[in-house]
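Participant: Coordinates for the following, if possible.
(one chain, ligands or ions: 2)
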Amino acid sequence: MANLLLGQTLGYSSDPFYDGPAAAIIERRGAVLVDGGRIQAVGTADDLRAAHPQAQVHDYGEALISPGFIDAHIHYPQTAMIASWGKRLIDWLNSYTFPEEMRLEDPAYAQAVAGTCMDLMLDHGTTTVASYCTVAPQSVTALFKAAQARGMRVLGGKTCMDRNAPEGLRDTAQSAYDQSKALLEQWHGRDRISYVITPRFAPTSTPEQLEALGSLWAEHPTCLMQTHISEQHEEIAWVKELFPEARDYLDVYERFGLLGAGGLYGHAIYLTERERARIRETGAALVHCPTSNTFIGSGLFDMAGLKAEGQRIGLATDIGGGSNFSMLRTMAAAYEIGQLRGTALHPSYLWWLATAGSAQALGLGDTIGRLAPGYEADLIVVDLASTPVIAQRHAQAKDFWEALFPTIMMGDDRAIRATWVGGNPR
Ligand SMILES: Nc1nc2[nH]cnc2c(=O)[nH]1
Ligand SMILES: [Zn+2]
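Facilitator: Ligands and ions are numbered 1, 2, ... in the order given. Just a heads-up that it's a prediction; the model follows:
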């Protein structure tokens, strides 16, 4: 049966960074018709009610109906060690991250963490994630099963590491290739699942492993490839030591066939001009992880400059380096980093990044992240007056963006009134 969701609707016709805030389509009394897991129609409440009198009506009043948030970079295995104190990247990985990731060797624990993480994501209005798993193949199975049980679109892959990680968290060039390939063949394209080839980052892979994964990607070009780049100065110096022949960090990936349009490069704070030009030329995507970048002390991503030169950019929490599951908190952090770099990012840019922008970065720009007929019906209903402080600020708003911005700056899971996943209410 068709469902008709009524409320205020926010969608986009194009990228507001390029076409201005007017790229947003706002309907004060809007409607979204959902049937068969997809959006069938978007319009005004009056029009769609008249055209579809049989549909079951869900009237959300003044609340905002939006595509669900899309988190383009998380580490679901780090759910239980979020908010670990006092370290920078390399020490943080060794002290907190690797010991916790080791625990997911146990399939029952992996299944429990994956379930907890996916439930937390949905609580926060995030309907799709691109996640790293651990080196253990069973951690990938756990993620895909957890997403499948909840009807979620998900992307993920086995994290490959064959050096500079503890015994028990290392594979080899050959086993990384073999296990990734087996998982990919089993899961890629099944239900709403996409496999992502996942070398963790240059320091934890030998040249042989990077080469093996580059070959695997060439053999399976419909898969994305995700990794990290240029997050902290110490990390960049270490990459230079480990790969002295490479021109720069990006060149390490390029040499081994790990640069291309389906590449997702997390953090990307300290890119050189050459790297930026090469990423732009190849059509690869960058993923901004603002709460992680402040929490681990990494630095200030150049959103305005990178968008101005035409880069494709998604937004992400980077759980558990990131300090919150909420894409609202993540938008707020992106805004604050923009301010520290001298550019106030318009609320329309921030919302776009968390929905259509992340979808585009994940190569899913024609599937999820937009309110348009044919798109998968992953929707959220957002209360724009979810706490007393937000409500009193919202009451003063003179236009739509002023009404939305307090929720971006101060909202969290309390603002998520309803979540629809694949056309079904949660
Ligand atoms: N933030 C973050 N950066 C990384 N670089 C390599 N691995 C990681 C990780 O797990 N988190
Ligand atoms: Zn990460």
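Participant: could you say which helix or strand contains residue 380?
Facilitator: Residue 380 is located in strand 379-382, with elements delineated by DSSP states H and E.
Participant: Return the list of helices and strands in contact with that strand.
Facilitator: strand 3-12, strand 56-67, strand 416-421 (3 or more C-beta pairs under 8 Å, 6 or more residues apart in numbering; DSSP states H and E). C-beta coordinates here come from the backbone N, C-alpha and C atoms, glycine included.
Participant: What strands flank that strand, and is each parallel or antiparallel?
Facilitator: When pairing is defined by DSSP bridges, strand 379-382 lines up against strand 56-67 (antiparallel), strand 416-421 (antiparallel).
Participant: Could you give the bridge partners of residue 155?
Facilitator: residue 130, residue 194.
Participant: pretty sure it contacts residue 359?
Facilitator: No. Assessed by C-beta atoms under 8 Å, residue 155 is found out of contact with residue 359, at 11.1 Å.
Participant: Using PDB, write down the CA coordinates of the lengthiest helix in the chain.
Facilitator: Identified as the longest helix of the chain according to DSSP state H is helix 107-123. The C-alpha coordinates for helix 107-123 follow below in PDB (Å, rounded to 0.1, in the frame of the first residue of the first chain):
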ATOM      1  CA  PRO A 107      31.700 -13.300  15.400                       C
ATOM      2  CA  ALA A 108      29.200 -12.900  18.200                       C
ATOM      3  CA  TYR A 109      30.800  -9.700  19.500                       C
ATOM      4  CA  ALA A 110      31.100  -8.400  15.900                       C
ATOM      5  CA  GLN A 111      27.400  -9.100  15.400                       C
ATOM      6  CA  ALA A 112      26.500  -7.300  18.600                       C
ATOM      7  CA  VAL A 113      28.600  -4.200  17.800                       C
ATOM      8  CA  ALA A 114      27.300  -4.000  14.200                       C
ATOM      9  CA  GLY A 115      23.700  -4.200  15.500                       C
ATOM     10  CA  THR A 116      24.400  -1.500  18.100                       C
ATOM     11  CA  CYS A 117      26.000   0.700  15.600                       C
ATOM     12  CA  MET A 118      23.300   0.400  12.900                       C
ATOM     13  CA  ASP A 119      20.600   1.100  15.600                       C
ATOM     14  CA  LEU A 120      22.400   4.100  16.800                       C
ATOM     15  CA  MET A 121      22.800   5.300  13.200                       C
ATOM     16  CA  LEU A 122      19.000   5.000  12.600                       C
ATOM     17  CA  ASP A 123      18.300   6.700  15.900                       C
END
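Participant: picking that back up, out of the strands paired with strand 379-382, which one sits most buried?
Facilitator: Most buried of these, by mean neighbour count (mean count of other C-beta atoms under 10 Å): strand 416-421, with a mean of 21.
Participant: From the chain's centroid, how far away is it?
Facilitator: 18 Å (C-alpha atoms, centre = their mean, to the nearest Å).
Participant: can you list contacts of it?
Facilitator: Strand 416-421 is contacted from outside by 5, 34, 58, 60, 63, 68, 122-125, 127, 150-152, 377-383, 386, 425-426, using C-beta atoms under 8 Å, 6 or more residues apart in numbering.
Participant: Show me which of these are buried.
Facilitator: 5, 34, 58, 60, 63, 68, 122-125, 127, 150-152, 377-383, 386 (16 or more other C-beta atoms under 10 Å).
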